[in-house]
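Q: no sequence for this one, just the structure:
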């Protein structure tokens, strides 16, 4: 955030919910990118990690906060998620093939 000396972006306070929508959008601009970065952004995925702190003013009366994850823990979770997504895609391929064969067999009266 170029408007602040510390560079931080601040969201408005949202009360009365455990799942706030901060309605924050942010445009990210790179001054210069090479062909590899451009191709990755066009065909791959961009991951952004957002970290923040929540100030507890309840005096301990609210539900305990979740701890912030380290960058390493975030990387491990993302790797696990990618593996699960790959497994799901493989399972869908198998199920689609089974469905196709079953429908074809049913049409043949088998």
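A: That came through fine. Just so you know, these numbers come straight off a predicted model, no measurement behind them.
Q: burial count for residue 75?
A: 13 (other CB atoms under 10 Å). For glycine as for every other residue, the C-beta is placed from the backbone atoms N, C-alpha and C.
Q: give me the pLDDT for it.
A: Confidence at residue 75, expressed as pLDDT, is 89.
Q: return the residues in contact with it.
A: Neighbour list for residue 75: empty [criterion: CB atoms under 8 Å, 6 or more residues apart in numbering].
Q: and it, how far from residue 39?
A: Going from residue 75 to residue 39 by CB to CB, to the nearest Å gives 23 Å.
Q: next SSE downstream of the helix or strand bottoming out on mean pLDDT in the chain?
A: Taking mean pLDDT, DSSP states H and E as the measure, the chain has helix 35-43 as its least confident helix or strand, at a mean of 84. Per DSSP states H and E, the first helix or strand lying C-terminal to helix 35-43 is helix 71-107.
Q: just the buried residues of that following helix, please?
A: Residues of helix 71-107 classed as buried: none (neighbour count, 16 or more other CB atoms under 10 Å).
Q: show me how far that helix is from its chain's centre.
A: 18 Å (CA atoms, centre = their mean, to the nearest Å).
Q: distance of the closest residue to residue 1 other than its chain neighbours relative to residue 27?
A: Once flanking residues are discounted, residue 1 sits nearest to residue 9: 4.8 Å by CB to CB, 6 or more residues apart in numbering. Applying CB to CB, the value for residue 9 to residue 27 is 12 Å.
Q: need the pLDDT of residue 63.
A: As predicted, residue 63 sits at a pLDDT of 56.
Q: and residue 78, by the same measure?
A: Reading off the model, residue 78 has pLDDT 91.
Q: ok, it to residue 46 distance?
A: 12 Å.
Q: what's the answer for residue 4, then?
A: Taking CB to CB, one finds residue 4 at 24 Å from residue 46.
Q: below-threshold pLDDT in this protein: ranges please.
A: 47-66 (pLDDT under 70).
Q: hang on, the earlier thing: which residues are in contact with the least confident helix or strand of the chain?
A: Helix 35-43 is contacted from outside by 30, 33, 46, using CB under 8 Å, 6+ apart.
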